[in-house]
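*Asks:* With the sequence up front, the predicted model follows.
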Amino acid sequence: MDNLFEKSEQPKSLAYMPLARRVSPRTIDELIGQDAILGPGKALRRAIETDCLTSLILWGPPGTGKTALARIIARHTQSFFEPINAVTSNVRELRTVLEKARMRLQREKRRTILFIDEIHRFNRSQQDALLPDVEMGHVILIGVTTENPYFSIVSPLLSRSQIFRFESLNEESIFQILQKALQHPQNGFQDCEITFDDEALRFLARYGEGDARRALNALELAILTAKENNKKIHIDTALVQDCVSEKLLHYDKTGDEHYDIASAFIKSIRGSHPDAALYWMARMLEAGEPPRFLARRLCIAAAEDIGNADPMALIVAVSAWQATEFIGMPEARIILAQAVTYLACAPKSNASYLAIEKAMEMVKSQTTVPVPQALRDTHYRGAEMLGHGVGYQYPHDAEEGYIPQDYGLQRGIFYQPLPRGMEKTFLERLKHCSEMDQQLEKEQKEHNE
């Protein structure tokens, strides 16, 4: 097949390719670790095997097999396979490719599969340029991205494509990939006898953290730097440990991982799990997330998830924010840790959050409630002549600090305290006020009768 993928596989150039590329799978059966979407009987596998693909978006972390699958498709399809890279391409090149695809379909009755690596790097105008030809079926799009396509790809293109998510590979899958790489006929080390300790490959499988390419790169470095003994190389744990780089943190401060870890952080606080909350916070801090972002999230969590079950939570969160601002990292991590553990261990109530949501919805969707005359402002000349403040009773004059009167709305339609922490006291207090309201209403009714 005359395309870049096939050209790059000529034996002459294999020697210059990284090990991960030399041992790339050539069939679906050789692709390890994505059984959820490529296992026997799965829709995507059937579509590839029967060569009846529709437009696809392959989304997932690096080193999980997305581009490898595209190469497999290129090798097996009867369609013309046209690969481009969004990093180096432009609208002019894209339009030329699309024009050739239309001519090929018209003259040869042959479909074109347009493979776009890093499709999230295309801007909106470049993505929009694809729409007419994808819509008319002139090309079948296969886009590969490490970014969440719902954020990085325009909606019209998403609606015309099937989205398949590739998951990070587990340790066992990467271990199998490493084993197969050492036995692969084109791994580039046929002139050496390579033996290995299972624990060394297990170490690399853990080091890869879901990314097979990263593990294979470390394995290749270990082989290249190992001391040969009569063309024999032994891979042990000490050797591979010496070849790995600093631990890779899968985190993008503006991408999908940012939102996922921030979500896990907040949900761990909400779920009263201080250890998980500290771990997710440590992940963000170690990856360079500004402490200010975490401090803001703590303030929101204190009000939304703890609320009046422990009013001190918000004070602690705000204090942590202020202290973080003038202390900075690395010491700010200690202050944030104190706030995180306090919030995670505090009793939880979202009653305040639910109350404001209900109130906002009522304001937007229902008839405006007029301010009762007794509650209206009296701090200007003539207000009393308008009846403002007439009949208002000052609650502090009462022994209990409460006097039943009209505040414009029924009690309990928004804020419903939960029997947790300090809010349990609020619940009892409001229940008593409600009973006083009912008693006054009963007395007024009896008086009118």
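*Replies:* Cool, the structure landed. Numbering: from 1, shown residues only.
*Asks:* C-alpha only now, for contacts and for neighbours.
*Replies:* Will do.
*Asks:* So the residue nearest to Leu38 when sequence neighbours are not counted, which state does it fall into?
*Replies:* Nearest non-adjacent residue to Leu38, counting by Cα to Cα, 6 or more residues apart in numbering: Arg45, 5.1 Å away. With DSSP: H, G, I helix; E, B strand; the rest coil as the basis, Arg45 sits in helix.
*Asks:* Equivalent analysis for Gly408, please.
*Replies:* coil.
*Asks:* what do you get for the one 5 residues further on?
*Replies:* At Ile413, secondary structure determined by three-state DSSP is coil.
*Asks:* what's around it, how many residues?
*Replies:* For Ile413, the neighbour count with other Cα atoms under 10 Å is 10.
*Asks:* that older thread, so the residue nearest to Leu38 is in contact with Ala36, correct?
*Replies:* No. Taking contacts as Cα atoms under 8 Å, Arg45 lies outside contact range of Ala36: 10.4 Å.
*Asks:* Looking at the two, which is more packed in?
*Replies:* Arg45 (18 against 12).
*Asks:* Pull out the buried positions in stretch 98-116.
*Replies:* 98, 101-102, 104-105, 110-116 (16 or more other Cα atoms under 10 Å).
*Asks:* JSON lines please, covering those residues and showing pLDDT.
*Replies:* JSON lines is the format used below for those (pLDDT from 0 to 100):
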{"residue": "Leu98", "pLDDT": "92"}
{"residue": "Ala101", "pLDDT": "92"}
{"residue": "Arg102", "pLDDT": "92"}
{"residue": "Arg104", "pLDDT": "91"}
{"residue": "Leu105", "pLDDT": "90"}
{"residue": "Arg110", "pLDDT": "88"}
{"residue": "Arg111", "pLDDT": "88"}
{"residue": "Thr112", "pLDDT": "91"}
{"residue": "Ile113", "pLDDT": "91"}
{"residue": "Leu114", "pLDDT": "92"}
{"residue": "Phe115", "pLDDT": "93"}
{"residue": "Ile116", "pLDDT": "93"}
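*Asks:* Now, the residues you listed that are in strands?
*Replies:* 112-116 (DSSP state E).
*Asks:* of all those, which comes closest to Ile84?
*Replies:* If you rank those by distance to Ile84 using Cα to Cα, Ile116 comes first, at 5.2 Å.
*Asks:* That closest one reaches Pro83, doesn't it?
*Replies:* Yes. If you go by Cα under 8 Å, Ile116 and Pro83 touch, sitting 6.0 Å apart.
*Asks:* Sketch out the helices for the stretch 51-200 of the chain, chain order is fine.
*Replies:* 66-76, 91-108, 124-136, 149-152, 155-159, 171-183, 198-208 (DSSP state H, counting those that start in this stretch).
*Asks:* Just give the closest residue to Met281, not the sequence neighbours.
*Replies:* Nearest one to Met281, counting by Cα to Cα, 6+ apart, is Phe265 at 6.4 Å.
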